[in-house]
Structure formats: structure tokens, C-alpha cells
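S.K.: Give me a model of this one.
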Amino acid sequence: MTSDPGRLACPLPRCRAVNSATAETCRSCATPLRAWARLRAHPAKLFNAGLEAARSGRTATARDHFAAVVHWCPGDAEARSALALACLLLDDPEEARDHWRQVLTRRPNDTTALKGLAHLDSRVTESPDPAETSTPPQNPKPPKPPEKEPPEKEPATTE
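M.R.: All right, here's what the predicted structure looks like:
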């Protein structure tokens, strides 16, 4: 917010007053600076909690955490892609497709979204005609998460 590490600019665009880095509230508009910093860090905490839930096999909990991040930060392509993968793993391919399409509107070359959509498209095109077979179609496995896990997000700070 300001290049001086001992100073902190108010995050409100109409104020932008420079405050002490240890100020609890803005000296000009009384914005609660410490609470603002905690609030800004919350989406990163939710994303990391979603990663932890996914790693421990709690996919529904992971989906809920990623959905909360997407609600707060609709432009967060990483969280939206993670949400899409969780939806796919929870057998909600249309929701996954919708989220991956939204990722591609912001990042047209996103490999995870492209692979996810390709996987969903292959599920549709590979489905055998029920009249031609007596066994139910087998769904292929969902795409593997990227080999390199997304880095944990660092909480935003105003200091």
C-alpha cells in the first residue's frame, strides 16, 4: 500500500490516508485496518483448508471451501478450477463443466481446465448406446490433479 514499511495506507480508495503500520484504525476515516487485513487473508485460508480436505479425501468439504473462495473472489481461476475438479469427483459433471468454462474465459490456455473439459467431452462421446449393450456404461476415471499441486496461497497482508 505504501513503500514505507513503517506506514500503511488506508485500503479505501476514497481515503488512502497514510497510517502507522501498527494502527488499529485509519486516522482519517476510522476503517478498522487490522480487521480489513484479516478479512483479506480469509480466502487464502479457505483455499488452503480446501486443499487439506482434498488431500485427506474429504472431497465434499473441499468443494465447499473452494466454493466459498469462488464466492468471495469470482476471478480466482485456481480456486474455480479446484472447485470444478471437486465437483467432478462428486459426480456433478455439469457443475464442473460450468466452472472450467468460466476458468477459460479468464485464462484461455489453462491446462487443467482444458484437460477437465476434454475428459468431460470424452465421457459423452464414449458412452455406448444402451440399446447396443446389456452392461451399464463404465465412467472413466476423472482427470488426475496436476502433477504439481497448486501452491498454498499466502494470506494477504496490508503491512
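S.K.: OK, contacts around Trp100?
M.R.: Going by C-beta atoms under 8 Å, 6 or more residues apart in numbering, Trp100 touches Arg80, Ser81, Ala84, Thr112, Ala113, Gly116, Leu117, Leu120. C-beta coordinates here come from the backbone N, C-alpha and C atoms, glycine included.
S.K.: Return the member of those residues nearest to Arg16.
M.R.: The nearest member of the contacts of Trp100 to Arg16, counting by C-beta to C-beta, is Arg80 at 30.6 Å.
S.K.: thought that closest one was touching Gln102?
M.R.: Yes: using C-beta atoms under 8 Å, Arg80 is in contact with Gln102, at 5.9 Å.
S.K.: These two: who's more crowded?
M.R.: Set Arg80 next to Gln102 and count neighbours by other C-beta atoms under 10 Å: Arg80 wins out with 26 against 19.
S.K.: What's the local residue count around Asp110?
M.R.: Asp110: 18 neighbours (other C-beta under 10 Å).
S.K.: so what's it closest to, chain neighbours aside?
M.R.: The shortest distance from Asp110 to any non-neighbouring residue, by C-beta to C-beta, 6 or more residues apart in numbering, is to Val103 (5.2 Å).
S.K.: Show me what counts as buried in the strand or helix carrying the one you found.
M.R.: Assigned by DSSP states H and E, Val103 belongs to helix 93-106. Residues of helix 93-106 classed as buried under the neighbour-count rule (16 or more other C-beta atoms under 10 Å) are Pro93, Glu95, Ala96, Arg97, His99, Trp100, Gln102, Val103, Leu104.
S.K.: and the helix or strand following that helix, what does it pack onto?
M.R.: Downstream of helix 93-106, the first helix or strand assigned by DSSP H and E is helix 111-125. Where contact means 3 or more C-beta pairs under 8 Å, 6 or more residues apart in numbering; DSSP states H and E, helix 111-125 is packed against helix 77-89, helix 93-106.
S.K.: okay if I get those as JSON lines plus mean pLDDT?
M.R.: As requested, the helices and strands packed on helix 111-125 are arranged in JSON lines below (pLDDT from 0 to 100):
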{"stretch": "helix 77-89", "mean pLDDT": "96"}
{"stretch": "helix 93-106", "mean pLDDT": "96"}
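S.K.: which stretch among the ones you listed comes nearest Lys45?
M.R.: The closest of the helices and strands packed on helix 111-125 to Lys45 is helix 77-89. By C-beta to C-beta, the value is 12.0 Å.
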